[in-house]
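Enquirer: would you be able to build a 3D model of this:
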Amino acid sequence: MTTVALLGTGIMGAGMGHNILAAGLPLQVWNRSPEKAQPLADAGATLAADPAEAVRGADVVVTMLGDGHHVLAVMEQAADGLASGQVWAQTTTAGVDQDDLVAFAEEHGLLFVDAPVVGTRQPAESGQLVVLAAGPAAAKDAVQPVFDAVGKTTTWVADDAAGLPASRLKLVVNSWVLAVTAATAEAVALAKGLDVDPQAFLDSVAGGPLDLPYLQNKAKAILAEDWAPNFSVTNAAKDADLVVAAGKGAGVELDVAAAASARYHRAADAGHGDDDMAANYLASFR
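Expert: Numbering: from 1, shown residues only. Below is the predicted model of the structure:
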């Protein structure tokens, strides 16, 4: 039976944790704000006082935190509880510059699996995430039950995490999600500004090649002013920055991603950082 340590029980981590428990896997959890991890403790997880306690004795360590810097800081706190041979599934979207994380894994003898996930709150809660993974064959048997618990599919991009092939694919996916969400918000905002019924726009594309279930869902949330976070504006801004930086590093100019980054940051600066990323709509109005 694979014992799992989960570091980070926010919007994504909480849903993942509940599905790990539902799969019957022993779970040890830690979160900077313990109250956010308490529901998992109530459901049967062991709530640790610090990261080192959480990872001690675990077969698989899963990190789902804010960004790469946060991941490294927490893993450094966990160092006293780590043991050589543990599998580390790094699911946080941290971009293509994770040299410090890979070096940390090598220093402590951890089997590093580059494993970002595609999805937001609802897929995380229902175990319907898409796991993109790259890592050594020696890690697969231990980590696959965890991926099966949190996701509907696992795509092993490569048998080696070198070069972070899964994280590179995740940034490509995110570039699309961030652009579509921003474009949805702008189309609805333009309709409002031109005194056009936004529903008329949605009906005009419904069922055709320009339609998307995602477009309809996000537009519905915007029209209802439902900003309950599935994926926050702050995280969208962070991911947009990672996409832009990755493009520059590869010699690719990403005009839409750069504009989306500015838009999400403007929404965050206006006080909507904790709202759903659809709240970038509010950045259209000064």
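
Enquirer: summarise which helices and strands the longest strand seen in the chain is packed against.
Expert: Assignment by DSSP state E gives strand 151-158 as the longest strand of the chain. Counting contacts by 3 or more CB pairs under 8 Å, 6 or more residues apart in numbering; DSSP states H and E, strand 151-158 is packed against strand 129-134, helix 137-150, helix 165-193. For every residue, glycine as well, the C-beta is placed using N, CA and C.

Enquirer: what's in contact with the next helix or strand after the longest one?
Expert: Toward the C-terminus, helix 165-193 is succeeded by helix 198-205 as the next helix or strand (DSSP states H and E). The set of residues external to helix 198-205 that reach it, using CB atoms under 8 Å, 6 or more residues apart in numbering, is 187-188, 191-192, 211, 215-216, 219, 222-223.

Enquirer: repeat that with 7 Å
Expert: Among residues not part of helix 198-205, those counted as contacts by CB atoms under 7 Å, 6 or more residues apart in numbering are 187-188, 191-192, 211, 216, 219, 223.

Enquirer: just the buried ones from the residues you listed, in PyMOL syntax?
Expert: In PyMOL, a selection of the buried entries from the contacts of helix 198-205 looks like this (16 or more other CB atoms under 10 Å):
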select buried, resi 187+188+191+192+219
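
Enquirer: which two in the contacts of helix 198-205 are spaced the farthest apart?
Expert: In the contacts of helix 198-205, two members sit farther apart than any others by CB to CB. They are Lys192 and Asp211, at 20.2 Å.

Enquirer: what mean pLDDT does the longest strand of the chain get?
Expert: Taken as a whole, strand 151-158 has an average pLDDT of 98.

Enquirer: now stretch 22-33
Expert: Averaging pLDDT along stretch 22-33 gives 98.

Enquirer: pLDDT (mean, whole number) over stretch 67-83?
Expert: Rounded to a whole number, the mean pLDDT of stretch 67-83 is 98.

Enquirer: just say helix, strand or coil for Arg32.
Expert: Classification of Arg32 into helix, strand or coil gives coil, according to DSSP: H, G, I helix; E, B strand; the rest coil.

Enquirer: phi and psi next, for it.
Expert: Per-residue torsions, Arg32: phi -60, psi -40 (degrees, to the nearest 10).

Enquirer: show me the contacts for it.
Expert: So, once contact is read as CB under 7 Å, 6+ apart, Arg32 ends up touching nothing.

Enquirer: how does it look with 10 Å?
Expert: By CB atoms under 10 Å, 6 or more residues apart in numbering, Arg32 lies in contact with 7-10, 51, 65-66, 70, 74.

Enquirer: equivalent analysis for Ser175, please.
Expert: Residues near Ser175 by CB under 10 Å, 6+ apart: 239-240, 242-244, 246-247, 254, 256-257, 260.
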